[in-house]
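Asker: Make a model of this:
(chains A and B)
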Amino acid sequence: MARHIHVLKVHHLTLSFPTRKDPNPKPVLDDVDFGIRDGEILGLIGNSGSGKTMTSLAIAGLLPEGAAITGGSIKFRGQDLLTMKPRDRRKMLGSEIGMIFQEPSTALDPLMKIGKNLDEVLVAHGVTDPNERREKILSTMKTVGFDDPATIYERYPHQLSGGQRQRILIAGAALLAPKLLICDEPTSSLDTVTTVQILDLLKSLCRKLQMTILFISHDLSAVRNFCDRVMVMKDGKIIDKDTTSDILTNPKNAYTAELLTNAKLDTRMLGIERAHVDYSSSPVLTAKGIEAGYSDRIFGKGSDNKVLKGVDLEIYPHEILGLIGSSGCGKTTLIRSLLGLLPHTGSASVVGRRIGAVFQDPVSCLNPAHTVKWHLNEALRVAEKKLSREERMSKISAALSEAGLNDEFLGRKPHQLSGGQRQRVAIAMCLITNPGIIIADEPFSSLDASSSAEILKLLTDINRERGTSFLLVTHNIHIIRQIAPRVVVMDDGKICESGLTTEVLSSPKASATVRLLDAETKLHGA
Amino acid sequence: MNKNVDTARAKRFYTVGIILLAVVVVAFLISLFWTPYDPYATDAASKLLPPSSAHPFGTDNFGRDVLSRVMSAAKFTVFISVSGVAIALFLGTLTGLPAGYFGGFADRSIMLVNNSIMCFPGILLALVAVAVFGASMYNVVWALGLVFAPTFARVYRAGTIEVKEYDYITHARVMGVNPVRIMLLHILPNLVPQLLPATVIGLANMTLFESGMSYLGLGVQPPDASFGKMLAESQAYIRVAPWLVIFPSMMLVFYILGLYFISEGMRVSLTKGGGN
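Answerer: Numbers count the residues shown, from 1 in each chain, chains lettered A, B, ... in the order given. Below is the predicted model:
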């Protein structure tokens, strides 16, 4: 086949979700037009709902039910994909166009061993000899960085970490050596250290297998050392297209510039100052010698696998305490122990008011069966039982407006809210109980740059105005550097380093801190 | 596009199901106030009459009007299936929700009892219960409720295990909401999509069980009528008076088929089409 300059060419693609009521709705993709050059890594950046995932699904031919392409064409190496027979197109998927998704935990069949999961790919593409398949799988696993592929081959998906699972998915795509690999937010659910490793891996694979990569992300900073060119999408349109260095240093479009500022989460732009904390006062939360773990035995008393090995923690009034550490270091277990959700030994005491919690996933943080008002009422009911109807309503409105929403949202159900709005409702639910401390577990990581900037601003405002302390758990060292006066670094179930943020981050002592900072520098630049 | 096809399919299922079910439900509703003849009044002069304008469904071996008896049978059938399912749902909530929510020992012990019940053929257990405690309609209702409860408990348990892992439940626990309230107000509403089809299928299966038991003489007692009872009584006359068999079985088929169609419609619309 003749070599094309553009391995994939999308011509004026328009896509919408027509319904019987509204046969001509606002298009989800509006006149999208771009080409991917052979061998390049092209970044596609945009906030949630901008249409970047729809673009990738249209290319792969995996559009959801109800989507209709109303105009344009997609040409892959000169062949029009949209006029192809579904059968031919399916054959092309995997062998010519590969795809990896955001959530590595759900993309593998939990009942199949890793080897079997990968085997299915080859079986589907007609490799009949089992020995040949096994050989190929083992060698590909080696390519994606498993030193001992034979053991991993026999494992089940739940026995692997998030980063390892993502590697397996990449191996699954690389098995068939597709010309084009579409990566839809492949690193969004990974920590900084793993993100850097995965991006390095993709880049080396791209060279080795002569692949072209379409890299989709909401994080503008992730494309820094990775993509050759970047496109910015907004409301279904591509509004900016340039080389990566030009986009990052010299954005020509106002929206791109705004995205860049948001991605930096620059506290000066947001008008946030660092909190002033009186460390001589008595702490609001004191935890001593917390140990927790998971027991394999049914009736056993002792924990066989200790995840936390004696953690001491103090949080002072008005403080925002940052907690960082790579995945699997025990951050989540610590939080769950502090919240009393896990059995643990050691003592954790809160002075005065209650603990509030804000979780990572804005999708599952609200009950889909109930309205916003119900949620707030339920939270209020727990905190204060004896209130008249009017008092309740005024408290609910107050909490909602403090979280930056108005009474219009009271009657809405979660599916009518955006990710950022849901996170705001979750915060309002915390506020209404008037907590002394709020534990926020990765509140930004599932949100796009603009929403996280707003939520960050909201959290710091609450800290200043109410004096609520925060325990902020995040992968994003940049945020910690800006707003947390004190930071705690966890590694392998222990606190390996703690102290003033400026000191810890400028002269790290523990090796875990050094690793985190290295990855941070590589990903986001100095 | 496919979504529209799915909703159209669901609509067809609903329409057929509701029409079939309506025949029985309308008969049931009217029978509460009025039947053409007294369903229990015998008339030796008009035994085994074929359908005519005076007796549209004919008469039986005691000269009772079959139309009136079918209408009153609808009453018993609907009553038994609805109250039986209500009992099963209640028991299922009582056992399945805590089993799924608390897990561990509570789960094991509750499900041990449930699974033990499920080991035996349901109809056998119900027959034994009724044989021991006496054949009456109320015994049939609670026996069937008990036999069906484990099925519902499983639906509740599976759903609860899934839902309790979501952050909103964790959040409720962090806020200190009491577990009973979490189960009933936070989890239960999210199980409705799974429970509705199960309930409708439960109604249909319960009706089949009840008919079987009545047919064997252990369900509704004479002179009351249920569809199964009427079929049992008419067996001897199937050659001379086929209308005695045809009309009750038609009603039975309408009721059960109607329920099945509705549950199929629910399955299509709740699982595939129902994005929000």
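
Asker: From now on I want contacts and neighbour counts done on CA atoms only, so please keep to that.
Answerer: Noted.

Asker: Quick check: A:Gly162 vs A:Ser189, distance?
Answerer: 8 Å (Cα to Cα, to the nearest Å).

Asker: So for these two, which sits in the more crowded spot?
Answerer: Comparing A:Gly162 with A:Ser189 by other Cα atoms under 10 Å in any protein chain shown, the one with more neighbours is A:Gly162, at 21 against 18.

Asker: For that one, which phi and psi angles does the backbone take?
Answerer: In terms of degrees, to the nearest 10, the main-chain angles of A:Gly162 are phi -60, psi -40.

Asker: Please give me every residue in contact with it.
Answerer: Contacts for A:Gly162 were tallied using Cα atoms under 8 Å, 6 or more residues apart in numbering or on different chains; they are A:104-105, A:189-190.

Asker: all strands for the stretch 301-450 of chain A, in order.
Answerer: With DSSP state E, counting those that start in this stretch as the criterion, the stretch 301-450 of chain A has strands at A:305-315, A:320-324, A:345-350, A:355-358, A:437-441.

Asker: what's the host helix or strand of B:Gly202 packed up against?
Answerer: Applying DSSP states H and E as the criterion places B:Gly202 in helix B:188-215. With contacts defined as 3 or more Cα pairs under 8 Å, 6 or more residues apart in numbering or on different chains; DSSP states H and E, the packing partners of helix B:188-215 are helix B:66-102, helix B:122-133, helix B:137-163, helix B:227-234, helix B:243-267.

Asker: in the last one, what's buried?
Answerer: Same thing as helix B:243-267. Using 16 or more other Cα atoms under 10 Å in any protein chain shown as the test for burial, helix B:243-267 gives B:243-245, B:247-249, B:251-267.

Asker: for the helix holding B:Gly202, what is the average pLDDT?
Answerer: Averaging pLDDT along helix B:188-215 gives 90.

Asker: okay, the angle between it and helix B:137-163?
Answerer: 150 degrees (axes from the mean of the first three to the mean of the last three Cα atoms, to 10 degrees).

Asker: Flag every buried residue along helix B:188-215.
Answerer: Buried residues in helix B:188-215, defined by neighbour count with 16+ other Cα under 10 Å: B:188, B:190-195, B:197-215.

Asker: ok, back up a step: may I see the helices and strands packed on helix B:188-215 organised as JSON lines, with mean pLDDT and distance to A:Asn250 added?
Answerer: Formatted as JSON lines, the helices and strands packed on helix B:188-215 follow (pLDDT from 0 to 100; distance: least, Cα to Cα, whole Å):
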{"stretch": "helix B:66-102", "mean pLDDT": "92", "distance to A:Asn250": "55"}
{"stretch": "helix B:122-133", "mean pLDDT": "88", "distance to A:Asn250": "74"}
{"stretch": "helix B:137-163", "mean pLDDT": "92", "distance to A:Asn250": "47"}
{"stretch": "helix B:227-234", "mean pLDDT": "87", "distance to A:Asn250": "82"}
{"stretch": "helix B:243-267", "mean pLDDT": "91", "distance to A:Asn250": "54"}
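
Asker: I'd like the ones you listed written out as JSON lines, with distance to chain A added.
Answerer: JSON lines is the format used below for the helices and strands packed on helix B:188-215 (distance: least, Cα to the nearest Cα, whole Å):
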{"stretch": "helix B:66-102", "distance to chain A": "13"}
{"stretch": "helix B:122-133", "distance to chain A": "32"}
{"stretch": "helix B:137-163", "distance to chain A": "9"}
{"stretch": "helix B:227-234", "distance to chain A": "39"}
{"stretch": "helix B:243-267", "distance to chain A": "17"}
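
Asker: Adding distance to A:Ala257, write these out as CSV.
Answerer: Formatted as CSV, the helices and strands packed on helix B:188-215 follow (distance: least, Cα to Cα, whole Å):
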stretch, distance to A:Ala257
helix B:66-102, 48
helix B:122-133, 69
helix B:137-163, 41
helix B:227-234, 75
helix B:243-267, 48
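
Asker: burial measure for the residue lying closest to B:Pro50 once chain neighbours are set aside, as a count.
Answerer: Among residues not flanking B:Pro50 along the chain, B:Gly58 sits closest, at 4.6 Å (Cα to Cα, 6 or more residues apart in numbering or on different chains). Residues near B:Gly58, counting by other Cα under 10 Å, number 24.

Asker: and if you look at the one 4 residues further on?
Answerer: Residues near B:Phe62, counting by other Cα under 10 Å, number 15.
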